[in-house]
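>>> Got a predicted structure plus its sequence, pasted below:
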Amino acid sequence: MKRLLILVGLGLGFIRAQDLELKSVEVRASRLREVATQGTGDMIIMDKREMEKKSVTSIYESLFDEIGIDGVRTGLFGAQSSIYIRGGRSSHVLFMFEGVPLNDPVGLGTSQFSRVPPILDRMEILKGPQSVLYGSDAMSGLIYLSLDRGRGKPELTLDFMYGERDTFRTMIGYKGSFDRIHFNIQGSLINTKNYDFTRKNDSADDVDFYGNSSLAFKVGYVWDRAILDVFFLGYDGRLNFDNCAGRIDAKCIENSLMNSGGVKISLYPLNNYNIKFTIGRSDTERVYSGDASSFGRYRGLVFYSDIDNYIKFKKFALSFGGTMKEEAGETSTIPVTRFRTNSVYSNILFRPIRYWNIEGGIRFNDSDTFEDRTVYKAGTSFYIRPLNVIFYGSYATAYRTPNIFEYTYGNTEGLKPEESAGYQAGLKGRWCRLFAGFGIYETFYRNLIDYDSNTFSYINLGEARAEGKEVYMGVYITRSLTARAFFNDTYSYCITGCGYLSPKEQVPRIPKEKWGFVLRGTLGNLDTNLSFVRTGKRKDVTYEGGQPSLVELEGYSLLNAYVGYKVGGKYKLYVYGINLLNEDYEEVYGYNVLRRSIYAGVEVIY
């Protein structure tokens with residue numbers, strides 16, 4: 001018995017030596033500046049290296065092996081992509097760059113900034129309703145993109161890649177600092193061709209192509225108690241394919257120009273108090289030309305300003321401030337239309353005792369066009385040190401105002417903002433080399449906006465619910481190499497106003513099940529990312545008979561691999577393998593996907 005007690009004591013001592021990292025980590029999307037590992041919600045943080053290992057042409061590709069996130073793309077590289085977080089719609093995900101919203105006021109679905117190549121330094125994904133942070137659109141989650149400030153000796157990085165279908169990618173980066181001046185400049189050029197977007201076009205002379213050039217930078221100056229940052233993200237893409245208006249073989253060309261930029265001033269008058277001013281704008285323009293009469297020009301503009309005050313004391317941190325957001329948009333048939341929303345907000349993080357966090361927030365939104373909305377969030381987390389386990393849970397509300405296209409298309413009198421409310425709760429822990437987590441979530445949606453073919457306009461249809469669970473477990477093989485398995489079950493269904501759906505029927509494009517295995521990290525000079533993901537069956541909508549009807553798409557398994565080898569400290573040779581099992585499947589009905597493809601490249605650092 002005595003020996004048993006000694007062994008138990010040694011085991012608990014070793015577990016404590018492997019405690020979860022409780023120091024606060026920077027979460028740039030958070031108003032509270034720093035959020036401890038024991039935050040009240042679930043999040044994913046990816047750095048540039050991780051995105052590069054999973055992305056051939058766009059950051060969208062880096063999401064497919066992440067738990068709780070699904071996506072589809074209407075074709076191959078460069079096509080419009082939709083991202084779904086925990087069963088919500090693609091329009092329920094707010095994209096931001098350095099604190100400036102990126103969602104297109106005349107677009108339907110995910111921000112097309114998801115097409116940007118992996119030239120950014122960081123992507124943070126906050127799951128669940130997040131309107132209390134930044135307002136409209138974040139009904140199911142938030143994706144926050146950012147660049148690091150350059151530091152130290154300037155470093156030049158060159159990256160060249162070539163592969164299947166004449167795909168050529170060049171990326172260049174230059175970052176560092178000179179005294180008080182910091183800079184980070186990243187760019188890319190991508191061209192690919194010799195593939196067919198749609199499955200129903202068997203024409204031998206049909207060759208689709210895609211190309212883009214992208215630029216991102218952050219430059220600034222540091223004073224003793226102030227920092228100035230100027231940031232920019234630009235994308236210029238050209239896409240030639242068969243089906244960009246829902247018409248099989250309707251040939252079209254899409255030219256997309258997307259820019260976002262601004263200025264951020266951070267002041268530190270006191271050690272525990274700072275202020276951030278952010279002013280920026282996002283401009284999206286899409287021009288379609290081809291055979292269909294609905295092709296034309298779509299342009300959206302967002303102007304955004306934000307002032308955020310942050311105070312930190314021993315027991316609590318407080319953030320409060322206000323924002324102004326003005327949206328404008330026009331199309332070939334819709335004149336310039338403008339919306340404006342002013343908001344004030346407050347967020348607090350309180351720690352009454354060690355290892356226990358309480359978080360709360362509220363935002364008041366005043367719109368010049370739609371009903372005013374008040375959203376809030378409340379959550380808690382607690383670290384159980386003997387078990388080395390963190391419990392977290394939160395409840396939040398969110399909203400999305402109709403965008404300009406929805407508001408001006410047809411007779412939209414009385415159109416209301418969409419609303420959501422949901423909770424999430426879970427456990428996560430680490431024991432020696434092992435780690436695991438479990439979470440559940442449920443989000444209720446109402447006033448959902450959809451197109452009504454009877455009135456030829458967008459209307460508020462009804463209500464829906466998304467619920468599910470997430471499980472993962474893994475092992476630290478070494479300090480820098482991990483193996484992880486995960487399972488995600490999502491039941492997203494309509495309740496009322498279902499249209500072509502039956503009540504309780506799974507909504508289109510959201511798979512009910514998704515599971516997989518990921519091996520990621522470094523081992524000596526070897527850098528690797530191996531992922532196997534099984535996506536279950538899903539449904540999609542087709543209008544081939546003139547009216548919407550559902551079709552079932554079979555599930556599929558994807559095996560992707562990235563292997564890089566460092567040579568001499570300045571060079572890295574790498575190979576991507578996409579869809580190594582050569583699965584023939586559909587993410588969206590009628591569109592092709594990448595079959596087995598190999599890409600190879602070299603990275604040089606000066």
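On my side now, so go ahead. Numbers count the residues shown, from 1 in each chain.
>>> need the contact list for residue 485.
The neighbourhood of residue 485, defined by CB atoms under 8 Å, 6 or more residues apart in numbering, consists of 472, 473, 474, 515, 516, 517, 518. C-beta coordinates here come from the backbone N, C-alpha and C atoms, glycine included.
>>> out of these, which are buried?
The neighbour-count criterion (16 or more other CB atoms under 10 Å) marks 472, 474, 515, 516, 517, 518 among the contacts of residue 485 as buried.
>>> right, and the fourth one touches residue 532 too?
This points to residue 516. Yes. Applying CB atoms under 8 Å, one finds residue 516 in contact with residue 532, separated by 5.5 Å.
>>> all strands of the stretch 101-250 of the chain, in order?
Ranges of strands in the stretch 101-250 of the chain, per DSSP state E, counting those that start in this stretch, are 122-127, 141-146, 155-163, 167-178, 181-195, 208-222, 226-241.
>>> circling back to that earlier point, kindly reformat the buried ones among the contacts of residue 485 as CSV containing secondary structure.
Shown next, in CSV, are the buried ones among the contacts of residue 485 (DSSP: H, G, I helix; E, B strand; the rest coil):
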residue, secondary structure
472, strand
474, strand
515, strand
516, strand
517, strand
518, strand
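>>> Dump those residues into JSON lines; add pLDDT and distance to residue 51 as well.
What follows is those, written out as JSON lines (pLDDT from 0 to 100; distance: CB to CB, whole Å):
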{"residue": "472", "pLDDT": "96", "distance to residue 51": "20"}
{"residue": "474", "pLDDT": "96", "distance to residue 51": "20"}
{"residue": "515", "pLDDT": "96", "distance to residue 51": "22"}
{"residue": "516", "pLDDT": "96", "distance to residue 51": "18"}
{"residue": "517", "pLDDT": "96", "distance to residue 51": "20"}
{"residue": "518", "pLDDT": "96", "distance to residue 51": "14"}
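>>> Looking at the residues you listed, which two lie furthest apart in space?
474 and 515 (13.5 Å; CB to CB).
>>> roughly how far apart are residue 480 and residue 145?
The gap separating residue 480 from residue 145 is 25 Å, by CB to CB, to the nearest Å.
>>> just residue 317 next, same as before
Counting by CB to CB, the gap between residue 317 and residue 145 amounts to 24 Å.
>>> where does the stretch 401-550 of the chain dip in pLDDT?
The model of the stretch 401-550 of the chain has pLDDT under 70 over residues 411-412, 545-546.
>>> which residues does the residue nearest in space to the middle of the chain form a beta bridge with?
The centre of the chain sits closest to residue 143, judged by CA atoms, centre = their mean, with a distance of 3.6 Å. On DSSP bridges, the residues paired with residue 143 through beta bridges are residue 95, residue 125.
>>> which residues does it contact?
83, 93, 94, 95, 96, 114, 123, 124, 125.
>>> Give me the pLDDT for the first one.
Looking at residue 83, its pLDDT reads 91.
>>> Under a three-state scheme, what state does the residue nearest to residue 318 when sequence neighbours are not counted occupy?
Once flanking residues are discounted, residue 318 sits nearest to residue 311: 4.7 Å by CB to CB, 6 or more residues apart in numbering. The three-state label for residue 311, taken from three-state DSSP, comes out as strand.
>>> quick one: residue 426 and residue 45, what's the gap?
Using CB to CB, residue 426 is found at 17 Å from residue 45.
>>> And those two? Which one has more around it.
Ranked by neighbour count (other CB atoms under 10 Å), residue 426 and residue 45 place residue 426 first, with 19 against 16.
>>> pretty sure that one is in a strand, no?
Yes. Assigned with three-state DSSP, residue 426 falls within a strand.
>>> Distance of it relative to residue 394?
With the distance defined as CB to CB, residue 426 ends up 10 Å from residue 394.
>>> Now do the shared contacts for those two.
Overlap between the contact sets of residue 426 and residue 394, as judged by CB under 8 Å, 6+ apart, is nil.
>>> So for residue 587, what's the nearest residue that isn't a sequence neighbour?
Setting aside the residues directly before and after it, residue 587 is nearest to residue 72 in space (CB to CB, 6+ apart), at 4.1 Å.
>>> got the contact list for residue 66?
Contact partners of residue 66, counting by CB under 8 Å, 6+ apart, are 44, 125.
>>> thinking again about what came up before, would JSON lines of the strands of the stretch 101-250 of the chain with mean pLDDT be doable?
Rendered in JSON lines, the data for the strands of the stretch 101-250 of the chain read as follows (pLDDT from 0 to 100):
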{"stretch": "strand 122-127", "mean pLDDT": "92"}
{"stretch": "strand 141-146", "mean pLDDT": "93"}
{"stretch": "strand 155-163", "mean pLDDT": "95"}
{"stretch": "strand 167-178", "mean pLDDT": "95"}
{"stretch": "strand 181-195", "mean pLDDT": "89"}
{"stretch": "strand 208-222", "mean pLDDT": "92"}
{"stretch": "strand 226-241", "mean pLDDT": "91"}
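>>> so which of the ones you listed comes closest to residue 368?
Checking those against residue 368 by CB to CB gives strand 141-146 as the closest, at 24.2 Å.
>>> Can I get the closest one in CSV? Just the C-alpha atoms.
What follows is strand 141-146, C-alpha atoms only, in CSV (Å, rounded to 0.1, in the frame of the first residue of the first chain):
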residue,chain,number,x,y,z
GLY,A,141,-17.7,32.3,-36.0
LEU,A,142,-15.0,34.7,-36.7
ILE,A,143,-11.8,34.3,-38.9
TYR,A,144,-9.2,37.0,-38.1
LEU,A,145,-6.2,37.4,-40.4
SER,A,146,-3.1,39.4,-39.5
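>>> so how far is it from its chain's centroid?
From the chain centre to the centre of strand 141-146 is a distance of 5 Å (CA atoms, centre = their mean, to the nearest Å).
>>> just stretch 483-497 next, same as before
Between the mean C-alpha point of stretch 483-497 and the mean C-alpha point of its chain there is a distance of 17 Å (CA atoms, centre = their mean).
>>> which parts of that stretch are buried?
By neighbour count on 16+ other CB under 10 Å, the buried set for stretch 483-497 is 484, 486, 487, 488, 489, 490, 491, 492, 493, 494, 497.
>>> thought the second one was touching residue 531?
Pointing back at residue 486 there. No. The criterion here is CB under 8 Å, and residue 486 misses it with residue 531 at 10.3 Å.
>>> intersection of neighbour lists for these two?
Shared between the contact lists of residue 486 and residue 531 (criterion: CB under 8 Å, 6+ apart) are residues 516, 517, 518.
>>> what's across from the second one in the sheet?
So the one you mean is residue 517. Beta-bridge partners of residue 517, counted by DSSP bridges, are residue 485, residue 532.
>>> who does the host helix or strand of residue 468 touch, helix- and strand-wise?
Residue 468 belongs to strand 463-478 when elements are defined using DSSP states H and E. Using 3 or more CB pairs under 8 Å, 6 or more residues apart in numbering; DSSP states H and E as the contact test, the elements touching strand 463-478 are strand 434-446, strand 481-496, strand 513-523.
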